[in-house]
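Q: model this:
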Amino acid sequence: MFNKLDHFSVSGSDTKKLAEWYQQNLGLEIVMEIPPSKNRKQSIYYIQTKEGSLIELVPSSYSKVKPHFTFEVENFEEAVKELKSKMIPLRDFRVTSIGWKEVFLDDPAGNEIHILCRPKGTPQHIKTFVKKP
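A: This is a model prediction of the structure:
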């Protein structure tokens with residue numbers, strides 16, 4: 001059920017410079033920029049390897065998103081049920097503005113894990129908005 005790693009996220013004080021560093025030094029492509037908003041002074045960037053793996057670059061000053069990795073699941077309710085049956089604390093359940101379902105949890109070391117479901121009829125991946133490798 002939790003066998004598809006979707007992306008991971010890292011943070012930095014200047015996401016534009018960080019994205020450019022990955023592009024210039026490691027050959028990754030900047031495939032999406034989410035512009036600054038009322039609550040976030042810098043852009044969020046998605047960068048992609050040649051084989052298609054994604055990294056999300058988030059401003060370290062943006063407290064709503066901390067470094068994490070994301071598993072995509074097909075059946076959100078079953079995934080939540082399985083995690084609850086194992087007494088794993090879950091938080092921040094929500095449905096995004098485009099219909100994606102998500103919840104967060106921490107592993108025993110405190111690393112944040114993001115569980116994401118893109119129901120049929122919604123954009124099926126951040127890759128919907130980015131170039132194919």
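Q: Does residue 62 touch residue 42 like I think?
A: Yes: with contacts defined as CB atoms under 8 Å, residue 62 counts as touching residue 42 at a distance of 7.4 Å. For glycine as for every other residue, the C-beta is placed from the backbone atoms N, C-alpha and C.
Q: Can you give me the pLDDT of the residue of the chain most remote from its centre?
A: No residue in the chain sits farther from the centre than residue 85, which is 24.7 Å out by CA atoms, centre = their mean. Per-residue confidence at residue 85 stands at 95 (pLDDT).
Q: Distance-wise, check it relative to residue 50.
A: 39 Å (CB to CB, to the nearest Å).
Q: same check, this time on residue 98
A: Where residue 50 is concerned, residue 98 sits at a distance of 27 Å (CB to CB).
Q: Over to residue 18?
A: Residue 18 sits 19 Å away from residue 50, taking CB to CB as the criterion.
Q: what's the next secondary structure element after the top helix by length along the chain?
A: Secondary structure of the chain read by DSSP state H shows that its longest helix is helix 15-26. The C-terminal neighbour of helix 15-26 among helices and strands, as given by DSSP states H and E, is strand 29-34.
Q: tell me the mean pLDDT over that next one?
A: Across strand 29-34, pLDDT averages out at 89.
Q: For it, enumerate the helices and strands it packs against.
A: Strand 29-34 sits against helix 15-26, strand 44-48, with contacts defined as 3 or more CB pairs under 8 Å, 6 or more residues apart in numbering; DSSP states H and E.
Q: returning to what we had before: of residue 18 and residue 50, give the one with the bigger neighbour count.
A: residue 18 (21 against 9; other CB atoms under 10 Å).
Q: need the contact list for the spatially closest residue to that one that is not a sequence neighbour.
A: Excluding its sequence neighbours, the residue lying closest to residue 18 (CB to CB, 6 or more residues apart in numbering) is residue 12, at 4.0 Å. When contacts are counted by CB atoms under 8 Å, 6 or more residues apart in numbering, residue 12 is found next to 18, 57, 58, 59, 60.
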